[in-house]
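Q: Provide a 3D model corresponding to the input given below.
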Amino acid sequence: MAGNPIYNTAQWKALRKQVLEEEPTCHWCHRAPSTQADHLIELDNGGDPYNRDNLVGSCASCNASRGARHVNRKTARRLQNRANAPTVFPNDQALTPSPHLESLGTSRNQPEPSGIEGDLPGSGRTEPRLITAYTAAGDFMDSVSLFAERIYGLELMDWQKVALAGQLSYAAPADRETGTLIHRSACISTARQVGKSSCLKVLASWWATVMAGIRGEPQTVMIVANEYERASILFREMEPVMAEKFGAKSYKSFGRESITFPDGSTIRLAAATAGKHGYSVDLLLVDEIWDIKPQVIYGALKPSQIARRSPLMSCWSTAGDASSTVLISMREQAIACIDRGEPSPMFFAEWSPPPGVSPADRMWWPWASPALGTTITWEGLEEAFATIPLAEFVRAHLNLWQGSVKAWIPNVWGDRLTDTPIPTGGVLAIETSLDESRYVAVRAVGVEDRIIVDTEFVVESMAAMWGEVTRVMADPAVQLRVPPGLVEHVPPDFRRRTEIVGYRELKAQTPIVRALIVEDRLHHVPGNEALAEHVNRAVMVKTNDGAPLSSQKSPGPIELARAMVWAAGAASVPRPHSHSVHDWEPFRNRERLRPWDCSDARTPPPRSALRQSRPRPAVPHRLASSSRTPSGRLRNWSRNSRRSSAACR
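A: Residues are numbered from 1 along each chain as shown. Modelled structure (predicted):
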């Protein structure tokens with residue numbers, strides 16, 4: 001933020017001086033003198049730079065630490081997940097079922113496995129497991145299919161038609177005449193070698209010729225890939241066909257290949273670098289976006305479409321890893337819309353197995369390879385499974401994120417579903433996403449010898465979060481756990497029921513919660529698909545003093561899993577008896593008590609009681625002082641113990 005021009009304005013300098021005069025001590029550490037004015041809500045999160053209520057005095061060290069944490073949190077996104085959200089297809093027509101659909105279930109987003117290994121389907125699954133909802137009057141798939149067949153001699157597979165139809169849909173019949181689309185961006189995720197390159201080739205050629213005629217103006221198409229050679233292969237396949245069929249002229253120079261059509265439309269190739277400025281692009285095709293940096297997409301390519309009428313950025317990829325920032329961001333945004341059952345401004349479709357399934361279970365392989373039986377064979381998949389590392393097989397051929405094979409629990413989460421409604425009370429734990437764009441909470445309640453967990457809320461603003469917390473904390477039996485960054489904002493009414501949790505608690509409680517899951521002592525209620533996604537992708541790392549869940553090692557957001565660990569870990573700890581004023585009511589009537597009636601006290605009875613014929617009552621074990629015991633409760637307990645001892649005397 002140091003380079004922000006507002007810090008050079010006279011208004012800011014005067015406001016900074018005022019803050020330092022009013023708050024001479026650092027707001028964060030309460031020790032060092034304030035030398036800087038720190039924004040509570042960051043400027044890039046919508047904070048008002050000149051609002052005095054948004055500024056506190058801070059020392060340079062605390063301000064730098066907060067800034068570093070903020071930058072680190074912005075490097076990745078997380079989510080929430082999918083699940084049984086309704087999906088609306090054009091004209092409300094159901095998709096053509098896959099040949100094996102009957103044996104694998106019918107839900108488009110989260111089907112249940114069925115069948116046996118000996119009853120394997122002969123073809124891949126047509127329907128994506130995850131797909132965003134949209135309502136359309138129609139699409140251009142009839143034109144694209146006819147173009148592919150006549151120009152390239154290709155018959156598009158059913159899954160390719162699903163992927164292209166979602167991107168080329170229009171909202172009203174009149175939009176077909178103008179070429180106006182519903183979506184401005186799309187993301188398609190499948191396993192490797194299923195025909196993504198064919199879709200890119202057909203879509204680029206069709207847009208530069210047919211769509212240019214529909215819109216009545218030249219169109220610019222740009223193809224970008226994580227490796228330039230990958231895009232160059234597409235160029236070599238398109239160039240002779242476009243020259244023969246449409247009289248297009250090509251320019252061949254490594255790094256600057258292009259095809260120009262008689263009407264002025266062009267197809268260009270570009271490397272995935274951040275220096276692509278000066279272009280105005282109608283159709284942007286991005287291949288293997290998992291390996292392309294954010295500054296390339298958001299800093300160079302996406303801005304090139306801002307002035308174009310109804311542009312489309314079409315991204316295609318297999319699953320990535322923890323460094324796939326762009327793909328993670330797009331996927332999490334789409335999954336959030338799927339969870340809420342809302343239409344998304346971006347069309348998203350993913351062919352992959354449900355989270356937590358075994359990579360060795362062949363029943364799920366067709367879910368990630370929709371071209372199975374066409375371009376991919378069972379023999380090829382079996383050979384790949386037997387010869388390449390499991391992590392690479394999972395990412396390339398099952399379209400699962402790297403790190404899934406390192407998950408902290410075995411594939412048992414789906415078996416831990418319970419029909420028992422979660423009781424009231426328990427522990428509510430809050431966690432934020434790495435970029436602080438989402439706030440989540442999980443509540444855990446101990447029921448006899450097990451723990452039941454449920455996702456209480458997933459919201460996108462702090463105001464909405466505290467509104468949800470107020471709703472849940474209306475139950476006086478609920479305890480609250482918050483990370484250090486939120487403790488200053490806890491409403492006063494809830495502070496006596498609040499404890500701080502962080503990395504130390506995560507290190508200690510992750511192995512405990514893992515054992516509860518493995519031993520079938522932790523269950524979750526239905527409707528927690530987002531929680532299932534985070535739990536199954538989380539990776540545990542071992543340290544000298546514990547084993548926390550690592551956001552850096554996990555292939556995607558895991559904040560719901562971390563909140564579950566805090567909540568379940570706290571709910572699994574037997575809590576000492578909490579004394580209220582009613583517990584000490586007998587001592588207000590001291591004349592009716594004999595010395596040996598003080599057995600409820602936490603101190604030994606007076607010596608006079610030892611001379612009585614009645615034996616000395618048992619003395620409960622004194623609670624050990626611990627940093628985990630709420631300080632207020634410990635002080636109240638000690639004070640009441642002294643009062644009860646005085647009453648006995």
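Q: Past the lowest-mean-pLDDT helix or strand in the chain, which element shows up next along the chain?
A: For the chain, scoring each helix and strand by mean pLDDT, DSSP states H and E identifies helix 101-104 as the least confident one, at a mean of 32. Using DSSP states H and E, the helix or strand that follows helix 101-104 towards the C-terminus is strand 130-131.
Q: And that next one, what does it pack against?
A: helix 325-340, strand 346-350 (3 or more CB pairs under 8 Å, 6 or more residues apart in numbering; DSSP states H and E). From N, CA and C alone the C-beta is placed, and that goes for glycine too.
Q: and A384, which of the three is it?
A: helix (DSSP: H, G, I helix; E, B strand; the rest coil).
Q: circling back to that earlier point, tabulate the helices and strands packed on strand 130-131 (CSV), appending mean pLDDT and mean neighbour count.
A: What follows is the helices and strands packed on strand 130-131, written out as CSV (pLDDT from 0 to 100; neighbours: other CB atoms under 10 Å):
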stretch, mean pLDDT, mean neighbour count
helix 325-340, 81, 23
strand 346-350, 94, 24
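Q: wait, which of these is closest to V478?
A: Comparison of the helices and strands packed on strand 130-131 against V478 by CB to CB identifies helix 325-340 as nearest, at 23.8 Å.
Q: tilt between the closest one and strand 346-350?
A: Angle between the axes of helix 325-340 and strand 346-350 is 90 degrees (criterion: axes from the mean of the first three to the mean of the last three CA atoms, to 10 degrees).
Q: so who does V221 touch?
A: By CB atoms under 8 Å, 6 or more residues apart in numbering, V221 lies in contact with A204, W207, A208, S265, T266, I267, R268, V281, D282, L283, L284, L285.
Q: Format the helices and strands packed on strand 130-131 as TSV; extra columns: distance to W365.
A: Output for the helices and strands packed on strand 130-131, formatted as TSV (distance: least, CB to CB, whole Å):
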stretch	distance to W365
helix 325-340	21
strand 346-350	15
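Q: so which of these gets nearest E499?
A: E499 lies closest, by CB to CB, to one member of the helices and strands packed on strand 130-131: helix 325-340, at 29.0 Å.
Q: Show me what the closest one is packed against.
A: Judged by 3+ CB pairs under 8 Å, 6+ apart, helix 325-340 is in contact with strand 130-131, strand 185-189, helix 294-296, strand 312-317, strand 346-350, helix 529-537.
Q: 10 Å instead?
A: strand 130-131, strand 185-189, helix 294-296, strand 312-317, strand 346-350, strand 450-459, helix 529-537 (3 or more CB pairs under 10 Å, 6 or more residues apart in numbering; DSSP states H and E).
Q: possible to save those as a markdown table with distance to A272?
A: Below are those laid out as a markdown table (distance: least, CB to CB, whole Å):
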| stretch | distance to A272 |
| --- | --- |
| strand 130-131 | 25 |
| strand 185-189 | 16 |
| helix 294-296 | 5 |
| strand 312-317 | 12 |
| strand 346-350 | 20 |
| strand 450-459 | 32 |
| helix 529-537 | 26 |
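Q: By mean pLDDT, show me the worst of those.
A: With a mean of 83, helix 529-537 has the lowest mean pLDDT of the helices and strands packed on helix 325-340.
Q: Quick check: next helix or strand after it?
A: Using DSSP H and E, the next helix or strand after helix 529-537 towards the C-terminus is strand 539-540.
Q: Just the residues contacting that following strand, thanks.
A: Strand 539-540 is contacted from outside by 322, 403-409, 506, 510-511, 514, 546-555, 558, 561, 565, using CB atoms under 10 Å, 6 or more residues apart in numbering.
Q: same thing but 7 Å
A: The contact list for strand 539-540, computed with CB atoms under 7 Å, 6 or more residues apart in numbering, reads G403, K406, A407, W408, T510, A547, L549, S550, K553, S554.
Q: quick one, helices of the stretch 251-400 of the chain?
A: 294-296, 325-340, 365-368, 378-387, 390-397 (DSSP state H, counting those that start in this stretch).
Q: Format these as CSV; extra columns: distance to I223.
A: Shown next, in CSV, are the helices of the stretch 251-400 of the chain (distance: least, CB to CB, whole Å):
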stretch, distance to I223
helix 294-296, 14
helix 325-340, 17
helix 365-368, 25
helix 378-387, 27
helix 390-397, 22
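Q: For F140, which of those is the nearest?
A: Closest approach to F140 among those is made by helix 325-340 (21.8 Å; CB to CB).
Q: quick one: that closest one to strand 312-317, angle?
A: Orientation check (the same axes, to 10 degrees): helix 325-340 against strand 312-317 gives 100 degrees.
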